[in-house]
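K.L.:
Sequence first, predicted coordinates after that:
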Amino acid sequence: MSPELINILLRALGETIQMVALSAAIGTILGVPLGIFLATSGRGELFAAPLANKVLGFVVNIVRSTPFIILVVAIIPFTRLVVGTSIGTAAAVVPLCVAATPFIARIVETAVREVDQGLVEAAIAMGATPFQIVRKVLLAEAMPGIILGLTLSVVSLVANSAMVGAVGGGGLGDLGIRYGYQRFMPEVMAAVVIVLVVLVQGLQSLGEYLARRANKRARVTV
Amino acid sequence: MSLTSPITAGLETGILPLSLEGEGTGASDRAAQAASVTRDASAAEPMVRLTGISKSFRPRGSTQEIHALRNIDLEIPRGSITGIIGRSGAGKSTLVRLLNGLERPTTGVVTVDGVNISELAAGPLREARRSIGMIFQHFNLLSSRTVFDNAALPLELQGLSKDQIRKRITPLLDLVGLADKRDRYPAELSGGQKQRVGIARALATEPKLLLSDEATSALDPETTRSILSLLARINREFGLTVILITHEMDVVKEIAHQVTVLDGGRIVEQGDVFDIFTRPKHPTTRSFLGASAKRALPGFIADRLHDEPAPGRAALIRIIFAGEHSTDPVVTRLSREIGRDIAILQGEVDEIGGRPFGNLVVSIPNDGDTLERAKTYLTSLDLGVEELGYVS
């Protein structure tokens, strides 16, 4: 591969990392509270609001069931509203966030629901406020699951980011399609795949390491 | 400090009984003053008073109401250990959950230390809960926190400083015997150690009342005894009122001063533990005692014990001696009275709260009215009689 191609590859990697990092951060900021709300707002639960729970759950399902490539074009007006343009890397971040938020929310909801209700009851009996219960009990106890879930979300963001080439988002996937496929350069395609494999592998290992550190449940005497 | 509200007054006095060390913080000084003002009034007042309590649930999608508790009147004296015993579904968990407001009664009034728990709004209820400790069957410790941090959680919730928390928790971990495990996680502890952490956590806020919801049911007998003796010690040393929910009579016998027997959401019998053990009246109480006595039988008898009579099976009864008849030659007299031989299978002198009582398990031929005559005779001597079953 020529140095020029390597440069292009590096730039594409940079774009992918930018898009993934930014949309993962925004998706987490929005998705974690949403997930906690979904997990605690059912009938008779901590922040009981069954109607809001149903409505939000429904919205989450709609977004989750829309194929990502359709979502990208379907929300172009919204994207234009938010970042002022519908093409480019910044514009690509909007649909990535829209897809990541409900995904992360569901994962956080599942992890929070796994927390033993007995712990919540114990905290209530101690006189904990609902917010204290969320912070000190639910989030703390669900942390290993949430970390693994976030890892999963980041990996699926890497996959999704390959599709935002459709709106000029750039990144590794776009490079693979334009050079590798449309220009018949199989070595570029191969290089893109290898970089993606290494990237995903690294993210997964990091996530698992962090989750293991957060998990005190299976700890054997050290 | 204004003491116009009975709620505030009650809460202030409640902080007192369990002061592990003389921290002399402003808050506890004020509490001490408040207590000296109200103590006279509250001394006669029981720690817990339930008046006309009933609780019913309507499960979703059902038209039928479930009556978990019916017409409960109960008083728990200050500084006592009270056992509340019943089978699963008898309503004992619901009852204890009323005391810290985890449930609200359908009718009736729950007062803890003079505070009407069932009418408190969310904020004051949280305050009140901080002076009621609770321990659980499955410990309910946070797996993500160390022993120390688990015990410290209630204080953290109250916003105490790290220093204050350390001062309070360190002696508590000493008390429960876990000082060397302070940085371990629950996953590294045995069941008994986990419950000790639960106890330290429950005591962290220096409560006036400790609720134990089947706290020893997941533990082996030896660990159960060590946990119970820890609770008894805490009760003795700090004057903490303890309420034990259990389905095991042995737990009650071990440390309780008084016992309330629940069945079908009603109180069927209550009183002093010694009296209930030596003279149980209600069938539910008898069956609890019977189950406890059967557990104590030697294996070779227990293996041959049946619930149903059959030809060739002798009746096994337990005679309980308490008080003046303990030295009478009861067995020989009984034998003469019914005109049959009696085999003694087991005998022991047991003790409840330092008062001894005798236990004799004998087998009596079960034909005609022999058994009935024996029971009538023993009852006329004012002895306790329990049928344990039939042995072949």
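P.N.:
Everything's here; your move.

K.L.:
low-confidence ranges in chain B?
P.N.:
For chain B, applying pLDDT under 70 flags the ranges B:1-44, B:323-327.

K.L.:
got it, and chain A?
P.N.:
Checking chain A against pLDDT under 70 turns up A:218-222.

K.L.:
Show me what from it comes close to chain B.
P.N.:
A:116, A:118-119, A:121-129, A:132, A:136-137, A:140-141, A:143, A:214, A:216-221 (C-beta under 8 Å from any C-beta of the partner chain). In this view, the C-beta of every residue, glycine as well, is placed from N, C-alpha and C.

K.L.:
out of those, which are buried?
P.N.:
The neighbour-count criterion (16 or more other C-beta atoms under 10 Å in any protein chain shown) marks A:119, A:121-128, A:132, A:136-137, A:140-141, A:143, A:214, A:216 among the residues of chain A next to chain B as buried.

K.L.:
Walking through the stretch 101-250 of chain B, point out its strands one by one.
P.N.:
B:107-112, B:115-116, B:132-136, B:209-213, B:241-246 (DSSP state E, counting those that start in this stretch).

K.L.:
orientation of the fourth one relative to strand B:107-112 in degrees?
P.N.:
Our comparison of strand B:209-213 with strand B:107-112, counting by axes from the mean of the first three to the mean of the last three C-alpha atoms, to 10 degrees, yields an angle of 120 degrees.

K.L.:
For strand B:209-213, name the packing helices and strands.
P.N.:
Where contact means 3 or more C-beta pairs under 8 Å, 6 or more residues apart in numbering or on different chains; DSSP states H and E, strand B:209-213 is packed against helix B:92-99, strand B:132-136, helix B:221-238, strand B:241-246.

K.L.:
Tabulate the ones you listed in CSV, adding columns for mean neighbour count and distance to B:Asp369.
P.N.:
Below are these laid out as CSV (neighbours: other C-beta atoms under 10 Å in any protein chain shown; distance: least, C-beta to C-beta, whole Å):
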stretch, mean neighbour count, distance to B:Asp369
helix B:92-99, 23, 38
strand B:132-136, 26, 49
helix B:221-238, 17, 39
strand B:241-246, 25, 37
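
K.L.:
so what's the residue sitting nearest the centre point of chain A closest to, chain neighbours aside?
P.N.:
For chain A, the residue sitting closest to the mean C-alpha position, by C-alpha atoms, centre = their mean, is A:Ser153 at 3.4 Å. Closest residue in space to A:Ser153, ignoring its immediate chain neighbours: A:Ile104 at 5.0 Å, by C-beta to C-beta, 6 or more residues apart in numbering or on different chains.

K.L.:
Would you mind giving the secondary structure of the one you found?
P.N.:
Secondary structure state of A:Ile104, per DSSP: H, G, I helix; E, B strand; the rest coil, is helix.

K.L.:
Contacts only, for it.
P.N.:
Neighbouring residues of A:Ile104 by C-beta atoms under 8 Å, 6 or more residues apart in numbering or on different chains: A:27-28, A:30-32, A:34-35, A:149-150, A:153.

K.L.:
tell me which parts of chain B are close to chain A?
P.N.:
So far as C-beta under 8 Å from any C-beta goes, chain B lies against chain A at B:100, B:102, B:126-130, B:132, B:134, B:136, B:138, B:140-145, B:153-154, B:156-158, B:185-188, B:201, B:205.

K.L.:
ok, 6 Å please
P.N.:
Contact residues (C-beta under 6 Å from any C-beta of the partner chain) of chain B with chain A: B:100, B:126, B:129-130, B:134, B:138, B:140, B:142-144, B:154, B:157, B:185, B:187-188.

K.L.:
Out of the residues you listed, list just those in helices.
P.N.:
B:126, B:129, B:154, B:157 (DSSP state H).

K.L.:
Include distance to B:Val259 when you put those into JSON lines, please.
P.N.:
What follows is these, written out as JSON lines (distance: C-beta to C-beta, whole Å):
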{"residue": "B:Arg126", "distance to B:Val259": "31"}
{"residue": "B:Arg129", "distance to B:Val259": "25"}
{"residue": "B:Pro154", "distance to B:Val259": "29"}
{"residue": "B:Leu157", "distance to B:Val259": "33"}
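
K.L.:
farthest pair in those residues?
P.N.:
B:Arg126 and B:Pro154 (11.2 Å; C-beta to C-beta).

K.L.:
who's more crowded, the two?
P.N.:
Higher neighbour count among B:Arg126 and B:Pro154: B:Pro154, with 27 against 19, using other C-beta atoms under 10 Å in any protein chain shown.

K.L.:
Ignoring the adjacent residues along the chain, who's closest to that one?
P.N.:
A:Met126 (4.4 Å).

K.L.:
Can you report how many residues neighbour B:Asp183?
P.N.:
For B:Asp183, using other C-beta under 10 Å, the count is 10.

K.L.:
looking at it, it is touching B:Thr146, isn't it?
P.N.:
Yes - the pair B:Asp183 / B:Thr146 is scored as a contact, 5.1 Å apart, by C-beta atoms under 6 Å.

K.L.:
On the three-state scheme, B:Asp382 is what?
P.N.:
coil.

K.L.:
meant to ask about B:Glu254, not that
P.N.:
Under three-state DSSP, B:Glu254 comes out as helix.

K.L.:
From what I see, it and B:Ser229 are in contact.
P.N.:
No - with contact defined as C-beta under 6 Å, B:Glu254 does not count as touching B:Ser229 (7.9 Å).

K.L.:
measure the residue nearest to B:Pro154 to B:Leu262 for me?
P.N.:
According to C-beta to C-beta, to the nearest Å, A:Met126 and B:Leu262 sit 26 Å apart.

K.L.:
Likewise for A:Leu5?
P.N.:
80 Å.
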